[in-house]
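A.B. asks: Got a predicted structure plus its sequence, pasted below:
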Amino acid sequence: MKTETGVAAKIIYLKDYQAPHYTLEHTELHFELLGDYTEVSAELRFKRALTAPKEAVLTLLGADLELLSVAWSGQLLSANDWQWQDEKWQFAGAGEGGVLSTKVRIYPDQNLALEGLYRSHGLYCTQCEAEGFRKITLYPDRPDVLSTFRTTIVADKASCPVLLSNGNCVATGDSENGRHWATWEDPHPKPSYLFALVAGDLAVLRDSFTTVSGREVALEIYTAEVDQDKCDHAMRSLQAAMRWDEERYGCEYDLDRYMIVAVSHFNMGAMENKGLNVFNTSCVLAHPATTTDAGFQRVEAVVAHEYFHNWSGNRVTCRDWFQLCLKEGFTVFRDQQFSADQLSAVVQRLEDVAFLQTHQFAEDAGPLAHAVRPESFVEINNFYTLTIYEKGAEIARMLHTFLGADGFRRGSDHYFKTYDGQAAIVEDFLNSMAVANGLDAGAFVSQWLRWYRQPGTPVVSVNSVWQKDIQRLTLTLTQTQSSKSSSTPESLPIPVRLGFIGKEGELSTSLNGVTANEHLLVLEQAEQSWQFDDVSQVPVLSLFRDFSAPVRVKAEFGDADLAQLIRLDSNSFNRWSASYALATREILALAEQYRSGDLRAHQPQESALAAAIAEVWSELAASDPALAAKMLQLPSLAYLSDQVACYDPEALQRARESVLLQVIAPLQSALGTVLAKQEMLKPYVYSAQAIAARSVEAVALDGLARLQSGAAAAIAQHWLKEAPHMSAEQAALTTLVHHQLPGADDALQAFYARWKHEPLVLDQWFATQASAPQAETRERVEALLAHSDFDATVPNRVRAVIGQFANNNPVAFHDAEGRGYGLIAKQLLAIDARNPQLASRLAGAFGIWQKLDESRQAHILRELDGLLSGDLSSDTRETLS
Ligand code: ARG
Ligand code: ZN
């Protein structure tokens with residue numbers, strides 16, 4: 001691999017980890033924000049670590065810095081006194097320790113990578129995780145060097161009335177030439193990736209929270225003045241998250257102030273800087289008029305996620321970036337639990353699982369597969385992946401299932417207490433789980449660590465034999481690891497929650513003398529068997545309830561078995577997953593017929609899925625509308641593509657549409673009944689019930705568009721006219737545009753005229769068009785890229801157009817002539833020159849290439865060769881390589 005300068009890219013290995021030779025006792029920073037450039041002065045008090053050798057060298061990191069001066073304990077140094085290569089700055093004269101004083105100049109206006117300190121639209125802000133701080137000043141920019149911080153910011157008072165950093169504001173004042181300053185002190189030692197600075201003209205919403213021990217915390221949400229009316233939901237979410245973390249994890253907030261800043265130019269969702277979270281506007285702003293239900297839920301989840309990092313990430317941080325899952329996987333699990341408690345637990349779970357199965361499983365099966373704790377990396381920014389976040393969360397969830405809620409809580413208490421203020425590793429987390437529960441720590445850690453070390457998705461094969469005469473069922477489970485796994489894959493501990501579904505419903509059975517409707521097994525060996533007694537009839541197994549382990553299941557279910565689960569399983573999640581499995585089976589079979597040219601059989605063929613859904617759907621739409629809605633959302637092409645060896649987007653799309661039509665055709669009157677309720681036109685309420693009612697109506701409208709397009713168009717127009725909120729408006733617009741119904745273009749124009757001043761709504765307008773599942777969308781996207789509101793420097797806008805097209809529009813992206821790939825490649829090159837992180841993410845869309853037919857593969861490879869032979873960032877180069 002090569003970097004942009006042509007030198008071999010450096011691979012960093014976990015096994016090479018070395019503790020820092022110098023610890024940092026305190027960091028003092030002074031920022032002069034001066035229009036064209038910024039000067040940063042730093043005073044760093046170092047001490048040689050007890051474990052370090054006498055001849056230890058002080059190693060700091062710096063990138064894109066103009067070094068103005070360096071002094072060691074008051075003595076000016078010259079360039080002969082240090083070595084500076086690539087990003088490493090080394091000084092051999094640090095002895096037992098001392099104070100390093102540096103002054104550097106940086107250029108926030110020119111920073112389009114949005115990493116380090118940057119200014120866009122007048123607002124200064126920082127993004128330091130993972131390695132952005134080295135672009136601000138020379139520093140031991142690694143997560144295992146923690147120190148207290150004192151930060152002074154000086155800036156023009158008129159353009160930057162608000163000056164923020166981590167911790168508590170301890171002094172402010174005016175200085176000459178219309179400038180002013182503020183000093184912030186963060187008493188909690190932290191690594192540099194959690195540093196933040198914000199300066200600009202912002203309005204603030206204030207509220208407060210009283211912690212369990214009675215301390216009053218000031219809560220502040222900073223946004224542009226025009227967005228202040230969109231902060232209530234984030235504020236309520238924050239308060240709910242703070243209370244929840246106290247109750248569920250015993251975690252109390254530890255500063256007097258908690259700030260959130262909304263930034264319109266941001267590479268990611270949000271960032272958990274200590275006491276000063278920086279958020280993408282899309283993850284903090286919400287208002288019924290401009291934000292859909294999905295948007296509201298995202299805000300709630302991300303606000304909670306970043307807040308939860310205060311303990312899982314900040315108070316206990318990561319020793320090195322290989323341990324990223326330690327904070328991210330655990331925190332995602334925590335935010336999933338939180339969201340499940342706020343709205344519907346089942347819907348939350350099935351959405352999380354569908355997301356994992358669609359995207360993480362594909363990552364695990366493709367060229368970018370890696371372990372939850374990888375052994376090596378080139379560009380750390382490429383490792384903020386679904387595997388580390390989502391699979392990492394599943395591992396935490398399995399521990400929770402295995403240890404029980406109380407056992408898991410004992411473990412997390414032990415972890416937070418033991419490692420508070422430290423930089424930990426995955427082994428520490430597992431060790432706490434074992435020790436707090438009186439388990440053999442050595443055995444437990446080595447067994448569970450396998451989940452973190454082995455890449456690939458395990459496969460569990462199921463075999464069951466029922467003996468009528470003795471009413472016994474013998475269940476045999478076998479686990480195999482994918483070939484991606486390390487050379488000698490080892491058996492994993494796999495929790496299996498299961499029940500038995502008879503002809504009339506759930507059966508109670510006995511395992512080792514315990515009689516219950518549900519049992520928890522742990523598959524630890526390559527193969528294991530269990531005997532269940534009192535099994536009075538041959539049951540259908542309801543396996544891996546609530547997706548108790550992130551595995552692929554191989555079981556010989558007949559269509560009738562899956563239909564029985566859809567009808568009768570008491571576990572709602574498994575009712576849904578049975579419908580998903582049956583839909584997948586029918587779509588794949590039909591697609592195979594299309595591919596082989598055998599079109600005879602498909603039309604009159606009975607759909608077992610359609611029959612099962614027809615039987616339950618009306619009742620479900622009344623009793624559990626959210627689940628009813630989900631049952632009609634058949635697996636996406638992205639999901640299906642992971643289920644096949646050869647991916648033929650056209651055949652799959654056709655087959656999917658055909659099965660969907662079979663499913664909804666018998667539901668026409670039921671869909672009418674749902675739509676007649678007009679829940680969509682009621683004033684906005686954020687509750688599980690209201691969201692469920694809206695979601696089933698949106699799905700019903702989409703279904704109706706396939707059966708009676710005229711009627712559907714009329715309802716959509718009615719919604720657009722009467723819409724009391726964006727959820728109705730967006731559902732109507734999507735139906736019109738994605739089904740190319742009459743009036744779609746006028747509706748798009750009217751929507752644009754109404755919302756062109758709201759960037760986040762405009763993003764939706766772009767995204768709706770870029771994801772329209774027709775081949776012509778490619779030309780539309782070309783037009784959108786030339787639209788006066790398209791701005792390639794705003795990540796949200798880029799994702800709304802280019803990201804949607806590449807990742808959420810398989811029909812158009814996989815154009816047989818390769819024109820979709822060409823479009824994306826061209827855009828990638830332009831984006832990469834400015835913003836490598838953003839480009840590298842988009843480049844992931846090509847990860848599917850190996851499954852495509854030869855002709856598409858050739859088209860992709862040609863584009864990739866073209867890209868790789870030019871100037872590319874190391875981020876994007878690594879992804880494409
Ligand atoms: N820690 C942030 C979170 O809460 C994400 C940071 C992503 N950083 C990056 N370089 N991609 O998930
Ligand atoms: Zn996170």
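C.D. replies: Perfect, thanks for sending it. Please read these numbers as outputs of a predicted model, since none were measured by experiment. Ligands and ions are numbered 1, 2, ... in the order given.
A.B. asks: Point out the residues in the stretch 51-200 of the chain that sit beside ligand 1.
C.D. replies: Residues of the stretch 51-200 of the chain found near ligand 1 (CB under 6 Å from any ligand atom) are 129, 130. C-beta: built from backbone N, CA, C; applies to glycine.
A.B. asks: Looking at the stretch 51-200 of the chain, which residue is nearest ligand 1?
C.D. replies: With CB to the nearest ligand atom, the shortest gap between the stretch 51-200 of the chain and ligand 1 falls at residue 129, namely 4.6 Å.
A.B. asks: Report the separation between that residue and ligand 2.
C.D. replies: Relative to ligand 2, residue 129 is positioned 9 Å away (CB to the ion, to the nearest Å).
A.B. asks: roughly how far apart are that residue and residue 324?
C.D. replies: Computed as CB to CB, to the nearest Å, the residue 129 to residue 324 distance reads 9 Å.
A.B. asks: SS state for residue 30?
C.D. replies: Following DSSP: H, G, I helix; E, B strand; the rest coil, residue 30 is assigned to strand.
A.B. asks: re the thing from before, and the residue of the stretch 51-200 of the chain closest to ligand 1, that's in a helix?
C.D. replies: No: assignment of residue 129 by three-state DSSP gives coil, placing it outside any helix.
A.B. asks: ok, it - contacts?
C.D. replies: 193, 194, 271 (CB atoms under 8 Å, 6 or more residues apart in numbering).
A.B. asks: May I have the predicted confidence score for the second one?
C.D. replies: With respect to pLDDT, residue 194 has a value of 99.
A.B. asks: any idea which element the spatially closest residue to residue 607 that is not a sequence neighbour lies in?
C.D. replies: Distances taken as CB to CB, 6 or more residues apart in numbering put residue 662 closest to residue 607, at 4.3 Å, once the chain neighbours are dropped. Per DSSP states H and E, residue 662 falls inside helix 649-664.
A.B. asks: Now for the residue in the chain positioned nearest to ligand 1: which residues touch it?
C.D. replies: Ligand 1 sits closest to residue 384 of the chain, with a gap of 3.7 Å, by CB to the nearest ligand atom. When contacts are counted by CB under 8 Å, 6+ apart, residue 384 touches 268, 324, 328.
A.B. asks: Assign a three-state SS to the last one, would you?
C.D. replies: Counting by three-state DSSP, the backbone at residue 328 sits in helix.
A.B. asks: Any chance of TSV for the contacts of residue 384, columns neighbour count?
C.D. replies: Listed next are these as TSV, based on neighbours: other CB atoms under 10 Å:
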residue	neighbour count
268	19
324	26
328	24
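A.B. asks: which one of the residues you listed is nearest ligand 2?
C.D. replies: residue 328 (4.8 Å; CB to the ion).
A.B. asks: still on that earlier bit, how many residues are close by the residue nearest to residue 607?
C.D. replies: Residue crowding around residue 662 was assessed by other CB atoms under 10 Å; the count is 21.
A.B. asks: so how far is ligand 2 from it?
C.D. replies: 41 Å.
A.B. asks: Narrow the contacts of residue 129 to those in strands?
C.D. replies: Applying DSSP state E to the contacts of residue 129, the entries found in strands are residue 271.
A.B. asks: out of the contacts of residue 129, who's nearest residue 418?
C.D. replies: Nearest to residue 418, judged by CB to CB, of the contacts of residue 129 is residue 194 at 20.3 Å.
A.B. asks: count of neighbours near that closest one?
C.D. replies: 25.
A.B. asks: Same question for residue 203.
C.D. replies: A total of 14 residues lie near residue 203 under the criterion other CB under 10 Å.
A.B. asks: try residue 623
C.D. replies: 10.
A.B. asks: cool, residue 46 as well?
C.D. replies: Going by other CB under 10 Å, the residues that sit close to residue 46 add up to 27.
A.B. asks: Surely it is in a helix?
C.D. replies: No: counting by three-state DSSP, residue 46 is not part of a helix but strand.
A.B. asks: Surely it and residue 95 touch.
C.D. replies: No: the pair residue 46 and residue 95 does not pass the contact test of CB atoms under 8 Å, sitting 9.7 Å apart.
A.B. asks: In the protein, spot the helix with the most residues.
C.D. replies: The longest helix of the chain (DSSP state H) is helix 392-419.
A.B. asks: Which elements pack onto that helix?
C.D. replies: If you count contacts as 3 or more CB pairs under 8 Å, 6 or more residues apart in numbering; DSSP states H and E, helix 392-419 packs onto helix 232-249, helix 324-342, helix 426-435, helix 441-453, strand 494-501.
A.B. asks: is that helix up against ligand 1 anywhere?
C.D. replies: No: using CB under 6 Å from any ligand atom, helix 392-419 stays clear of ligand 1, coming no nearer than 11.1 Å.
A.B. asks: and that helix, which residues are buried?
C.D. replies: Buried residues in helix 392-419, counted by 16 or more other CB atoms under 10 Å: 392-403, 407-412, 414-416, 419.
A.B. asks: Would that helix count as contacting ligand 2?
C.D. replies: No: Helix 392-419 is not in contact with ligand 2 by CB under 5 Å from the ion; minimum separation 10.1 Å.
A.B. asks: tell me which residues of stretch 447-458 are tucked away?
C.D. replies: Neighbour-count burial for stretch 447-458, counted by 16+ other CB under 10 Å, picks out 447, 448, 450, 451, 452, 453, 454, 455, 456, 457, 458.
A.B. asks: For the stretch 251-400 of the chain, give me the ranges with low pLDDT.
C.D. replies: Applying pLDDT under 70 to the stretch 251-400 of the chain flags no residue at all.
A.B. asks: Excluding chain neighbours, what is closest to residue 243?
C.D. replies: residue 209 (7.9 Å).
A.B. asks: swap in residue 211?
C.D. replies: What sits nearest to residue 211 in space, not counting adjacent residues and going by CB to CB, 6+ apart, is residue 252, at 5.0 Å.
A.B. asks: coming back round to it: as a markdown table, the contacts of residue 384 with distance to residue 287 would be great.
C.D. replies: Converted to a markdown table, the contacts of residue 384 look like this (distance: CB to CB, whole Å):
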| residue | distance to residue 287 |
| --- | --- |
| 268 | 22 |
| 324 | 34 |
| 328 | 29 |
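A.B. asks: Can you tell me which of the residues you listed is closest to residue 868?
C.D. replies: Among the contacts of residue 384, and counting by CB to CB, the member closest to residue 868 is residue 268, at 25.4 Å.
A.B. asks: Tell me who's in contact with the nearest residue in space to the closest one that is not next to it in sequence.
C.D. replies: Distances taken as CB to CB, 6+ apart put residue 280 closest to residue 268, at 6.7 Å, once the chain neighbours are dropped. Counting by CB under 8 Å, 6+ apart, residue 280 touches 262, 263, 264, 266, 268, 269, 270, 795, 796.
A.B. asks: could I have the helix or strand containing the last one exported to PDB, CA atoms only?
C.D. replies: Taking DSSP H and E as the definition, one finds residue 796 inside helix 795-798. Output in PDB follows, covering the C-alpha atoms of helix 795-798 (Å, rounded to 0.1, in the frame of the first residue of the first chain):
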ATOM      1  CA  PRO A 795     -20.900  16.300   4.200                       C
ATOM      2  CA  ASN A 796     -24.700  16.000   4.900                       C
ATOM      3  CA  ARG A 797     -25.500  17.200   1.400                       C
ATOM      4  CA  VAL A 798     -22.900  14.800  -0.200                       C
END
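A.B. asks: what residues does the helix or strand following that helix touch?
C.D. replies: Sequence-wise, the next helix or strand downstream of helix 795-798 (DSSP H and E) is helix 804-807. When contacts are defined by CB under 8 Å, 6+ apart, helix 804-807 is touched by residues 638, 766-767, 770-771, 777-778, 781, 812-813, 820, 823-824, 842, 844-845.
A.B. asks: Who wins on neighbours among these?
C.D. replies: Using other CB under 10 Å as the neighbour criterion, residue 781 leads these with 28 neighbours.
A.B. asks: That one and residue 770 touch, don't they?
C.D. replies: Yes: using CB under 8 Å, residue 781 is in contact with residue 770, at 5.4 Å.
A.B. asks: Pull up the overlap in contacts between the two.
C.D. replies: Counting by CB under 8 Å, 6+ apart, the common neighbours of residue 781 and residue 770 are 801, 802, 805.
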